[in-house]
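> turn this into a structure:
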Amino acid sequence: MSDFQIEHSDALAAAAEHQPGSFTMIYLDPPFFTGKKWKGKEAGDFADTWRRDIGSYVDYLGERIAAMKPLLNDRGSLFLHLDWRAVHYMKVRCDEIFGAKRFINEIIWSYRSGGGTKNRYGRKHDTILWYAAGRHPLFNDDEARVPYDAVIAKKRAHLFDDRGKVSGDVLDINRPPNHAKEWTGWPTQKPLALLEWLVKVHTRPGDLVGDFFCGSGTTLLAAIRHGRRAWGCDASADAVEIARGRLMAESDESSH
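The predicted structure is shown next:
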C-alpha cells in the first residue's frame, strides 16, 4: 500500500474490505443531521438531509461504526465528530457498541468563527467522542502538551514540566478562513490543525489512519504529513475528487 489510498464508496461497504486490527486510528466526521443541502462548484452533490427521524440516523451511523470497531488494533481509537443535534444519541449507541468502559473522553473542539445571535448563546463548539478498542489506547502525551495557564513562581518551577501540561479536553482551534491556503470550499471541512493534533497524539509513524467519511481529505492529509499511512472513502464523488487532488499535490511537493 502507498502512503494513502482513497475510494468512492459508502462507509459500510468499505469497512468490509479491511482486515481486523488494520487501523490504529479511525476518525469519523459524518453528516450531522442538519437537514442542509449545499450547492455550488465545490460542494457538488453534498447534502446532509434525512427524510426520516433521528432514530434512522442513529441506526445508519451505528451500523457503520459497529462494522469499523473490529478494524481497530488493540491500541487503536475511534473518534466520532458530531455537534449538538445528534451527539447525545450517538453517545448512547457507541456505549452499546464498544462498552461504556471503552469511552475515554468527550473532546470539545471550540472555535470562534461565524456570527453571533441575539436570542441564545452562540453555538461555537463540536463534540468528538473518543472510544478505545482495548484497555490501553495509544496516547503520546508529549504531543498533547500545552503551556501552563498560571504564572509559575521560581521557587515552584521545579514542580512543573518544562514541556508544559497535558491538554484538557477542550481544544481551542479556529476554523481556517475562506482565503486560507488549506481551504478547499468543501462545506464541512475541518481545520488541518485539529486533525494533525489527533494524528500526532493517537498514532505513531507508520500506523494506518482511516476516515470513512473523508470529505475533502483533511484527516488523510494530516496523516501523511506526519509519516502515517492513510486510507479514506466518501459516498460523494465530488469529495473524493477534491481529497485525491489535495493528497496528490502533497505527494508531489514532498517528492521535490
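
> roughly how far apart are the residue nearest to Ala66 when sequence neighbours are not counted and Asp141?
Nearest residue to Ala66, sequence neighbours excluded (C-beta to C-beta, 6 or more residues apart in numbering): Ile97, at 5.1 Å. To be clear about C-beta, it is placed using only N, CA and C from the backbone, and glycine gets the same treatment. Separation of Ile97 from Asp141 (C-beta to C-beta, to the nearest Å) stands at 27 Å.

> ok, Glu250 next?
28 Å.

> swap in Tyr57?
Distance from Tyr57 to Asp141, by C-beta to C-beta: 35 Å.

> of those two, which one has the most company?
Tyr57 (19 against 12; other C-beta atoms under 10 Å).

> where do the helices sit along the protein?
11-15, 54-68, 87-98, 192-202, 218-225, 237-255 (DSSP state H).

> compute the inter-axis angle for the fifth one and helix 237-255.
To tie it back to what came earlier, the one meant is helix 218-225. Per axes from the mean of the first three to the mean of the last three C-alpha atoms, to 10 degrees, the angle that helix 218-225 makes with helix 237-255 is 20 degrees.

> distance between the ends of stretch 212-227?
Stretch 212-227 has an end-to-end distance of 20 Å (C-alpha to C-alpha, to the nearest Å).

> please identify the buried residues of it?
When neighbours are counted by 16 or more other C-beta atoms under 10 Å, the buried residues of stretch 212-227 are found to be 212-226.

> in the protein, what helix or strand scores lowest on average pLDDT?
Here the helix or strand of the chain ranked lowest by mean pLDDT, DSSP states H and E is strand 47-48, holding a mean of 62.

> next one: stretch 150-158 to chain centre, how far?
How far stretch 150-158 lies from its chain's middle: 36 Å, per C-alpha atoms, centre = their mean, to the nearest Å.

> do the same with stretch 222-233
12 Å.

> other residues contacting it?
Residues outside stretch 222-233 that contact it (C-beta atoms under 8 Å, 6 or more residues apart in numbering): 1, 3-11, 14, 18, 23, 192, 195-196, 198-200, 203-212, 214, 217, 219-221, 240, 243, 247, 250-251.

> just the buried ones from those residues, in PyMOL syntax?
Per 16+ other C-beta under 10 Å, the buried members of the contacts of stretch 222-233 correspond to this PyMOL selection:
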select buried, resi 3+4+5+6+7+9+11+14+18+23+192+195+196+198+199+200+203+207+208+209+210+211+212+214+217+219+220+221+240+243+247+250
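
> ranges for the strands of the protein?
4-8, 23-28, 36-37, 47-48, 72-82, 103-110, 125-132, 145-146, 165-166, 170-172, 208-211, 229-234 (DSSP state E).
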